[in-house]
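**Q** this one's sequence-less:
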């Protein structure tokens, strides 16, 4: 069974790496309107699979998965204003087809976009949640140890996440200026059969997620989520 580099969110075609990290205290930053969480925002994404990241000639193919994401409301929870995000998945011949899921989003005082599950008992705080992207905080660093079979088993490597310099990318034929938040996986020296690999979570200011690359720990394949269309409320 393939393992994820971080929190396992769902099994699509492989055990993909979760590109989310836990929030840790950092010095306060001036809030910047990097993230738009207005009600009515909509994004549509397609997921592609590439079998070999080590081969520049390896091509990605559409998996058939389309995710329609929208901000459907705002709620006050424990004194914090949370945006409620809805994702509906179209994935024929998969048990995820027709699945609808929710999560809560907010931008904390450091300018980081963080998420919370929308089910069960959740404890919201200024420094809590999972960091989806650190906004413009170039000083934010998160180091995530990776365990072979989960917590308590041997550590097989670490993923170091940090915001990269602004760059231009082309996704589905459209050019975007993005701020990539990358996580570099480095296997420990005693581990065999694992290769260094890089997660990529690229956001465009004011728009949102444009591209996300998630690797499996074992193997050379990866999943790439690409923005297809969007409707942003200003």
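**A** Looks like it arrived, so ask away. Please read all numbers here as calculations on a predicted model, not as lab measurements.

**Q** And the closest residue to residue 164 other than its chain neighbours, which helix or strand is it part of?
**A** Ranked by CB to CB, 6 or more residues apart in numbering and with sequence neighbours excluded, the top spatial neighbour of residue 164 is residue 180, at 4.4 Å. Every residue, glycine included, has its C-beta placed from N, CA and C. Using DSSP states H and E, residue 180 falls within strand 174-187.

**Q** now the next helix or strand after that strand, how far from the centre of its chain.
**A** Scanning forward in sequence from strand 174-187 by DSSP H and E, the next helix or strand is strand 197-204. Here strand 197-204 shows a centroid-to-chain-centroid distance of 8 Å under the convention CA atoms, centre = their mean, to the nearest Å.

**Q** my read: residue 164 touches residue 183, true?
**A** No. In this structure, residue 164 is not within contact of residue 183 by CB atoms under 8 Å, at 10.7 Å.

**Q** quick one: least confident helix or strand in the protein?
**A** strand 21-22 (a mean of 44; mean pLDDT, DSSP states H and E).

**Q** Quick check: next helix or strand after that one?
**A** Using DSSP H and E, the helix or strand that follows strand 21-22 towards the C-terminus is strand 42-50.

**Q** so what's residue 69 bridging to?
**A** Taking DSSP bridges, one obtains residue 43, residue 87 as the residues bridged to residue 69.

**Q** where's it relative to residue 208, distance?
**A** Relative to residue 208, residue 69 is positioned 9 Å away (CB to CB, to the nearest Å).
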